[in-house]
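> Sequence and predicted model, in that order:
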Amino acid sequence: MKKYIIILLISSLVSFYSCEKEDETVKKEDIKTEQQKDNKEKGKKKDDSKIDENKKEDNTEDKEKEEDNTEDKEKEEDKINTKYKPTDCHLIAFEFTGQYCYACPAEAKKMKTYKNAFKEKFLYIAMHPSSRGSQQLYCKDASIHFNNLVSLGKFRRELPNTSFNSLGSYSVPSNISEYDLAHGESNLAFNTKITHKKRDISVEFAAIACEDKKQITENKKINVLMWVIQNNIKTAQYVNSSWDRNYIHHYVLRGSINGTWGEPYTLGSVYKATNKKIPTEVFDITNKEAYLLVLVIDNDTKQVYGAAQYPLTNW
């Protein structure tokens, strides 16, 4: 019996010891788990603080970059402003003419005399609104402008007809003196960059009002219009009751690269005409003396505020 009691006591002690050991193990595991959690939280806080620090650094860098960009932009704008050039042209004549028109060569001769006398201060554009007699110089845009002027009562439906500084209701007297032409002042200054190769052409354009001319364009809706002009074209013209097959035509409108009436424009902004096409008519002629004519016009009255002509040479 004593033996049995001793065995029971021993087994009880062993069982108690095992339970204590298990409890200690569990406690140790719990402590370890808690420590791991604490470490994770500390690590997360460290990571978060690092992220915050990185964000602060990024924000600081972004601000510095923005400041640098602002400075660069201001410098660039200053650089652009120095490139603006007042337009030399003080008067532009839109001469509507025709190859079959026997009276038109005399008008063209008068225009050429003015051009030789006043150079870049005077521009004239030969606009062929009719295909009668020949399709070679006919221009659809010229036809639209001619019909518009007829509908406004500015023209009778006959050729030649010339409109000065306007493609619409705005009127300039046709008897402008040579003194006015020679001593006129520019309304606008242009900054124009042209890239072209064969038929492909892209233009970046900006214009500002000259200092003492700002009131002229103030609160006006403005369009920029870009035409391709071709000079010294040898082709037929009716002269003195017969056809002259070797007649030389000057400054002929071949077409627009940005629409018949151009596109809306705000002075001081940059206008871009990219990946445009030069009219195919230019390539039908062996001579490639061509120009891009840039016109800034009033959207309502079609008054011309400024015009400049740029040679196209990369054929």
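All right, it came through fine. Numbers count the residues shown, from 1 in each chain.
> can you give me the helices in the protein?
If DSSP state H is used as the criterion, the helices of the chain fall at 2-83, 104-118, 140-151, 178-183, 214-217.
> Least confident of those, on average?
Comparing mean pLDDT over those, the weakest stretch is helix 2-83, at a mean of 53.
> Tell me the buried residues in stretch 113-122?
Within stretch 113-122, the residues that qualify as buried by neighbour count (16 or more other Cβ atoms under 10 Å) are Y114, K115, F118, K121, F122. Every residue, glycine included, has its C-beta placed from N, CA and C.
> can you list the weak-confidence ranges in the stretch 101-250 of the chain?
By pLDDT under 70, the low-scoring segments of the stretch 101-250 of the chain are 133, 173-176, 178-183.
> thinking again about what came up before, from the buried residues of stretch 113-122, which single one is nearest I248?
K115 (13.4 Å; Cβ to Cβ).
> distance of the closest one from H250?
Taking Cβ to Cβ, to the nearest Å as the criterion, K115 is separated from H250 by 8 Å.
> try M226
Separation of M226 from H250 (Cβ to Cβ): 20 Å.
> With S130 instead?
From S130 across to H250, the span is 18 Å (Cβ to Cβ).
> neighbours of Y251, just the number please.
Counted with other Cβ atoms under 10 Å, the neighbours of Y251 add up to 24.
> now T195, nearest residue through space, not along the chain?
Excluding the flanking residues, the one nearest T195 by Cβ to Cβ, 6 or more residues apart in numbering is S202, at 4.8 Å.
> how many neighbours does that neighbour have?
The local packing of S202 (other Cβ under 10 Å) involves 15 other residues.
> Same check on T87?
The local packing of T87 (other Cβ under 10 Å) involves 24 other residues.
> Next: the one 10 residues further on.
Counted with other Cβ under 10 Å, the neighbours of T97 add up to 26.
> Give the full set of residues in contact with it.
C104, E107, A108, A126, M127, H128, L159, P160 (Cβ atoms under 8 Å, 6 or more residues apart in numbering).
> so which pair among the residues you listed is furthest apart in space?
Between all members of the contacts of T97, the longest pairwise span (Cβ to Cβ) is found for E107 and H128 and amounts to 13.0 Å.
> Show me which of these two is the more surrounded one.
Between E107 and H128, counted using other Cβ under 10 Å, H128 has the larger neighbour count: 28 against 20.
> That one touches D141, doesn't it?
No. Between H128 and D141 no contact is recorded; they are 10.2 Å apart, counting by Cβ atoms under 8 Å.
> okay, and the common contacts of the two?
In terms of Cβ under 8 Å, 6+ apart, H128 and D141 are both contacted by the residues L253.
> separation between the residue nearest to T195 and K193?
S202 sits 9 Å away from K193, going by Cβ to Cβ.
> Pull stretch 308-315 out as CSV, backbone CA atoms only.
What follows is stretch 308-315 as a C-alpha-only set of coordinates in CSV (Å, rounded to 0.1, in the frame of the first residue of the first chain):
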residue,chain,number,x,y,z
ALA,A,308,4.8,89.3,-93.1
GLN,A,309,6.2,87.1,-95.9
TYR,A,310,8.8,84.3,-95.4
PRO,A,311,10.7,82.5,-98.2
LEU,A,312,10.3,78.7,-98.5
THR,A,313,13.5,77.3,-99.9
ASN,A,314,13.9,73.6,-98.8
TRP,A,315,12.6,71.9,-101.9
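> returning to that earlier point: shared neighbours of K115 and H250, anything?
A shared contact of K115 and H250, defined by Cβ under 8 Å, 6+ apart, is any residue touching both; here these are Y124.
> I'd guessed H250 sits against K112; true?
Yes. Using Cβ under 8 Å as the test, H250 is close enough to K112 to be in contact (6.3 Å).
> More neighbours: which of these two?
The neighbour comparison of H250 against K112 (other Cβ under 10 Å) goes to H250, with 18 against 14.
> Chain neighbours aside, what residue packs nearest to that one?
Counting by Cβ to Cβ, 6+ apart, the residue nearest H250 is N231, at 5.5 Å.
> got the contact list for the one you found?
Counting by Cβ under 8 Å, 6+ apart, the residues that N231 touches are H250, Y251, V252, N287, E289, A290, Y291.
> ok, the nearest residue to T280 once chain neighbours are set aside - how many residues close by?
Taking Cβ to Cβ, 6+ apart, and ignoring the residues beside it in sequence, T280 has R199 as its nearest neighbour in space, at 7.5 Å. Residues lying near R199 (other Cβ under 10 Å) number 13.
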